[in-house]
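In: here's my sequence, what's the structure:
(chains A and B)
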Amino acid sequence: NAGVTQTPKFRILKIGQSMTLQCTQDMNHNYMYWYRQDPGMGLKLIYYSVGAGITDKGEVPNGYNVSRSTTEDFPLRLELAAPSQTSVYFCASGTGGSTDTQYFGPGTRLTVL
Amino acid sequence: GQNIDQPTEMTATEGAIVQINCTYQTSGFNGLFWYQQHAGEAPTFLSYNVLDGLEEKGRFSSFLSRSKGYSYLLLKELQMKDSASYLCAVRSSGGSYIPTFGRGTSLIVHP
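Out: Sure thing, here's the model as predicted:
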């Protein structure tokens, strides 16, 4: 199993550009998550999904959009990149049960200039 | 909402024991997780506590006291590879059941 994979690993964007961060998992997990991690700030939840076709906002959703058309894929879209979106983005998946643990992808390091 | 507090940084010596504390305030506590994150890498799961007491897993143990809103992660026989950030995450029964992460504790192990 590859687990959770993310592409790209690194990206530099100009202000106002848009991009999609890709996330795929091969563990047949229903739950998927997007986090951002800023230095010294821990992980902040952006969006999550409890199954194909169902998404919901997390703590910091502004400036982002998601879709979940299949169990495996959960892309994150940035429409108008801003410097405040410079961060490391982690995708995670899990079973969603009472003892659910999250399996994280390797992360995407995004810089907006 | 939830409030999770961990020390920002700790240092320890190889072979020693270190205890990383996590205090939290939440309504409807429903579990506490510890994750390890090496620099530049993804977090990986270490432990889960939902009942009071100590959970032991090799060199790592995690303790929970729900009445005190307190947990600790105990690392024994420290190795250089234990240098990492340790994230405490708390889940509440209200809403989405998704854990909220603390800011993490950066542990530096010296030879």
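In: chain B: strands as residue ranges?
Out: Residue ranges of the strands in chain B, as given by DSSP state E, are B:3-5, B:9-13, B:18-25, B:29-37, B:44-49, B:53-57, B:60-65, B:70-75, B:84-92, B:100-101, B:105-110.
In: so which of those strands is nearest residue A:40?
Out: strand B:105-110 (8.8 Å; CB to CB). Quick note: C-beta positions are derived from backbone N, CA and C, even for glycine.
In: ok, that closest one near chain A or not?
Out: No: figure legend: strand B:105-110 not in contact with chain A (CB under 8 Å from any CB of the partner chain); closest approach 8.8 Å.
In: tell me, how many residues neighbour residue 72?
Out: Using chain A. 17 (other CB atoms under 10 Å in any protein chain shown).
In: oops, wrong one, chain B.
Out: Quick note: residue B:72 (other CB under 10 Å) scores 18 neighbours.
In: any chance of the strands of chain B in a markdown table, with mean pLDDT too?
Out: Converted to a markdown table, the strands of chain B look like this (pLDDT from 0 to 100):
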| stretch | mean pLDDT |
| --- | --- |
| strand B:3-5 | 93 |
| strand B:9-13 | 97 |
| strand B:18-25 | 97 |
| strand B:29-37 | 94 |
| strand B:44-49 | 94 |
| strand B:53-57 | 94 |
| strand B:60-65 | 97 |
| strand B:70-75 | 98 |
| strand B:84-92 | 94 |
| strand B:100-101 | 93 |
| strand B:105-110 | 97 |
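In: okay if I get these as a markdown table plus distance to residue A:109?
Out: Shown next, in a markdown table, are the strands of chain B (distance: least, CB to CB, whole Å):
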| stretch | distance to residue A:109 |
| --- | --- |
| strand B:3-5 | 25 |
| strand B:9-13 | 22 |
| strand B:18-25 | 26 |
| strand B:29-37 | 14 |
| strand B:44-49 | 18 |
| strand B:53-57 | 31 |
| strand B:60-65 | 28 |
| strand B:70-75 | 27 |
| strand B:84-92 | 16 |
| strand B:100-101 | 19 |
| strand B:105-110 | 19 |
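In: next up, the contacts around residue B:4.
Out: B:22, B:23, B:24, B:88, B:89, B:90, B:100, B:101, B:102, B:103 (CB atoms under 8 Å, 6 or more residues apart in numbering or on different chains).
In: where in chain A is pLDDT low?
Out: A:98 (pLDDT under 70).
In: and with 90 instead?
Out: Across chain A, residues meeting the criterion (pLDDT under 90) sit at A:1-2, A:39-42, A:79, A:95-101.
In: who's in contact with the closest residue to residue B:11 other than its chain neighbours?
Out: Spatial nearest neighbour of residue B:11, chain neighbours left out: residue B:108 (4.7 Å); criterion: CB to CB, 6 or more residues apart in numbering or on different chains. Contact analysis of residue B:108 by CB under 8 Å, 6+ apart lists B:9, B:10, B:11, B:12, B:83.
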